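> Turn this into a structure:
(one chain, ligands or ions: 2)
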Amino acid sequence: MLKVGIVGSTGRVGTLLIDDLKKDSEVQLAGIHVFDKLEKDVPSDVIVTNDMKVLMDSVDVVIDFSAPSATEELLTQVIDNNVRKPLVIATTGFSKHQQNLLIEASKLVPILYSTNMSLGVAVLNKLVSLASKTLSDFDIEIVEQHHRYKVDSPSGTALTLAEHAARARDLDLDKVRVSGRDGDIGARTKDEIGVMSLRGGDIVGRHTVGLYNDGEFIELHHTATARNTFSKGAIKVAKWLVNKEPSLYSINDALGL
Ligand SMILES: NC(=O)C1=CN([C@@H]2O[C@H](COP(=O)(O)OP(=O)(O)OC[C@H]3O[C@@H](n4cnc5c(N)ncnc54)[C@H](OP(=O)(O)O)[C@@H]3O)[C@@H](O)[C@H]2O)C=CC1
Ligand SMILES: O=C(O)C1=N[C@H](C(=O)O)C[C@H](O)C1
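Numbering: from 1, shown residues only. Ligands and ions are numbered 1, 2, ... in the order given. Alright, predicted model coming up:
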């Protein structure tokens, strides 16, 4: 049985992950990292700790839905403390430094990083690559909508979608992304890719990639209607990752897309 550890166990996704792990007969909830304290009941044999190394030493694979600083601590255990455990990382909002730590750590352990653990968004990324390349004259604008508590913007998923769109046109996203428009901004430039955020209520996650031209447009939407789409997706890819060689894997690798 695959022993799974959680980072971000008290969060919106982490609490669902605890329940989903309990329901899956191929995995066992073995360790939980708590930043502060855990309100939820877990079986007595589950290790509950605020020490990242203790968590990693007690499990076969770690699933992380937390915050960039917590993921950084996890990656630092691999890079500086010689801890060798496969990591499924779902946290978003990393700085450049944290992205580099992810790459460094993936030379030492298998890491699957995905800004969205749903099958639908994995397919959407492929559709966006195709549409962006084929409809090369169309203007691309991405809108993401999330619940009022989300702290990072734009969402990791929107940035990944934008990355697929940019790459398909040989563009550098850092140079063409526009994530705000206000005032006398002038006409839209051909290559820019708009990535805009709306926040409100309890929206689990909605992404729209629009490709607009004179006389026609396409809008590709994905809506997550249940948050455990992400926790279940993470468990699925954890099973796939556990015996892999050190490398940085995408969800497409795990899903065979
Ligand atoms: N890839 C994907 O499919 C998805 C990714 N996400 C991403 O996952 C992350 C978590 O989302 P969500 O559950 O909504 O967020 P929450 O804010 O609800 O939960 C965050 C969790 O991280 C913990 N945490 C925060 N800071 C630290 C720290 N420094 N050390 C250890 N633990 C810490 C919190 O602990 P405490 O409660 O004690 O503060 C809490 O358990 C976000 O980055 C989000 O964007 C979300 C959904 C899907
Ligand atoms: O914070 C969230 O809730 C979500 N975060 C991820 C992101 O930033 O893309 C994935 C999902 O959309 C929900």
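> residues of the helix ranked longest in the chain that come out buried?
Taking DSSP state H as the criterion, the chain has its longest helix at helix 119-134. Going by neighbour count (16 or more other CB atoms under 10 Å), the buried part of helix 119-134 is 121-122, 124-125, 128-129, 131-132. Where C-beta positions appear, they are placed from N, C-alpha and C, glycine not excepted.
> And stretch 153-164, by the same measure?
For stretch 153-164, by 16+ other CB under 10 Å, it's 153-164.
> So which of those are in strands?
Among those, no member is found in strands (DSSP state E).
> among these, which are in helices?
156-164.
> circling back: ok, the buried residues of helix 119-134 vs residue 4, which is closest?
residue 122 (21.0 Å; CB to CB).
> Name all residues that make contact with the closest one.
114, 116, 251-252, 255, 257 (CB atoms under 8 Å, 6 or more residues apart in numbering).
> do that again at 10 Å, thanks
By CB atoms under 10 Å, 6 or more residues apart in numbering, the contact list for residue 122 reads 114, 116, 160, 222, 233, 250-252, 254-255, 257.
> just the buried members of the residues you listed?
114, 116, 160, 222, 233, 250-251, 254.
> if we take those residues, which one ends up nearest to ligand 2?
Of all the buried ones among the contacts of residue 122, residue 116 has the smallest distance to ligand 2: 4.8 Å, by CB to the nearest ligand atom.
> ok, back up a step: now the buried residues of helix 119-134 in CSV, with pLDDT?
As requested, the buried residues of helix 119-134 are exported to CSV (pLDDT from 0 to 100):
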residue, pLDDT
121, 98
122, 98
124, 98
125, 98
128, 98
129, 98
131, 98
132, 98
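> and the residues you listed as CSV, adding distance to ligand 1?
Formatted as CSV, the buried residues of helix 119-134 follow (distance: CB to the nearest ligand atom, whole Å):
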residue, distance to ligand 1
121, 8
122, 10
124, 13
125, 13
128, 17
129, 19
131, 22
132, 22
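> Just put those residues in TSV and tack on distance to residue 149.
Output for those, formatted as TSV (distance: CB to CB, whole Å):
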residue	distance to residue 149
121	20
122	25
124	24
125	25
128	27
129	31
131	31
132	31
